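Undergrad: Below are the sequence and a predicted model for it; my questions follow.
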Amino acid sequence: MMDEKNTEEVTAQDPAEAMLQQLLHLKSFETPDPARMTRNKQNIMRQVRQAQSKQRKPLLDLLELNIPWFFAEPKYGIAALFVAFIGLQYAGMTARNSATNTGLYTTTSSVAAYQAQEVESAVVSNRYPNLPSNYQLFGEPQGDQTVVPAGFEYQNK
Amino acid sequence: MAGDVNLEPEDLPEEELSEKGKVSAEEEPLEDAGPQDSELVLKAQQGDVHAFDVLVERYHDKIYGLTYNMTSNREDAEDLTQEVFVKAFEALPRFKGKSSFYTWVYRIAVNKTINYRKKRNRKRALSLDSFDQDIKLDDAYHEMTAKGSPLRNISLSELQKKLNEALQHLSEKHRTVVVLHDMQGIPHDEIAKMVGASVGTVRSRLFYARRQMQTELSEFMK
């Protein structure tokens, strides 16, 4: 492409212009030290690699990067597995506890009525409560019914 | 002869601009020697650093030539060349291929060099690469140092210094077009893309830059 363009250029007619072109042509003989150029290229390539390592890697690449490490350092790998196991166990336990938590199925109006009686109450245990007669349990909350989580027991004094 | 070099009309009518012959026209980068630039760019965008290494190898000398002639300081030119390629690599994911990689990287180089010089208000001392010994075999050199020539009694290093000083006295815009066109042999339309100006503006800048250079080097023009 450049060749085509260059052939379109007309040779210099003005002697001053021609002289200037010849002087500028001499600058093409200024040649850099090859050793410096090689070092410069190496520096560029090193910096490019550093720039690449700073870029965020996709998860798949990270896995690919870490799997060999797992086999190279089994003790850390096993430790990591152990920690992961404990974590999962804890998460499972929490989920199980949440599922078995007791709750009072009642209506907001009955709670209000109970409080209106000014019955003193105290927490005596976190076992399943002996409910006052005006507290009713429901299998599933219906209508304006609500669920009051309870880990404690009301007792009339 | 030299005209008023202080005038800088950006769009001189084309007929007023005489297009002179080029002495140092270089070929466009050899894309057929190995994989195409576009192929290498694609690989580099996918994270293949080796593909980018090939691009560095391919364009390093040209970018160094540009930054060196723009600054007349080889240390600055090396730093700039390094910055240009690193910047190009970092910006590669955003390169859409609307222009060639070669034009794109040149544009980065021109902008970087101009910004670099703006940041350094103080002019740096010249730090020049030495002349190749082959210069003494060059016909143009023989002609210039022939009997009766004003260059006959001047040493090569002195000539080199004068040339570079004259170049550094040009404004950034003018120096850019002289370096790109007269030294690197890049055609006007490519330069226009690189500097973000019209072809007419490029021709105009080139015209006035040459006039100013002629004035600066008038002692050799007799």
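TA: Looks like it arrived, so ask away.
Undergrad: Find the residue ranges of chain A scoring beneath the pLDDT cut-off.
TA: Applying pLDDT under 70 to chain A picks out residues A:1-13, A:56-58, A:60-65, A:70, A:95-157.
Undergrad: Regarding it, what is its longest helix?
TA: Secondary structure of chain A read by DSSP state H shows that its longest helix is helix A:74-100.
Undergrad: Contact partners for residue B:61?
TA: residue A:37 (CB atoms under 8 Å, 6 or more residues apart in numbering or on different chains). For every residue, glycine as well, the C-beta is placed using N, CA and C.
Undergrad: for the strand or helix carrying it, the distance to its chain's centre please.
TA: Using DSSP states H and E, residue B:61 sits within helix B:49-71. Helix B:49-71 has its C-alpha centroid displaced from the chain centroid by 13 Å (CA atoms, centre = their mean, to the nearest Å).
Undergrad: Give the buried residues for the strand or helix carrying residue A:37.
TA: Element membership for residue A:37, per DSSP H and E: helix A:34-54. Under the neighbour-count criterion of 16 or more other CB atoms under 10 Å in any protein chain shown, helix A:34-54 has A:37, A:40-41, A:43-45, A:47-48, A:51-52 buried.
Undergrad: re earlier: what helices and strands are in contact with the longest helix of chain A?
TA: Under the contact definition 3 or more CB pairs under 8 Å, 6 or more residues apart in numbering or on different chains; DSSP states H and E, helix A:74-100 sits against helix A:59-72.
Undergrad: nearest spatial neighbour of the residue minimising distance to the centre of chain B, skipping sequence neighbours?
TA: Note on chain B: the residue nearest the mean C-alpha position is residue B:179, at 2.9 Å, using CA atoms, centre = their mean. In this structure, residue B:179 finds its nearest non-sequential neighbour in residue B:69, 4.3 Å apart by CB to CB, 6 or more residues apart in numbering or on different chains.
Undergrad: Tell me, how many residues neighbour that neighbour?
TA: By the criterion of other CB atoms under 10 Å in any protein chain shown, residue B:69 has 25 neighbours.
Undergrad: Then residue B:96 would be within a strand, right?
TA: No: applying DSSP: H, G, I helix; E, B strand; the rest coil, one finds residue B:96 to be coil, outside a strand.
Undergrad: what number of residues lie near it?
TA: Neighbours of residue B:96 using other CB under 10 Å come to 7.
Undergrad: and if you look at residue B:161?
TA: Around residue B:161 there are 15 residues (other CB under 10 Å).
Undergrad: which SSE is it in?
TA: Short version, using DSSP H and E: residue B:161 is in helix B:156-168.
Undergrad: Kindly reformat the buried residues of helix A:34-54 as TSV containing distance to residue B:126.
TA: Converted to TSV, the buried residues of helix A:34-54 look like this (distance: CB to CB, whole Å):
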residue	distance to residue B:126
A:37	19
A:40	19
A:41	24
A:43	23
A:44	24
A:45	29
A:47	27
A:48	30
A:51	31
A:52	36
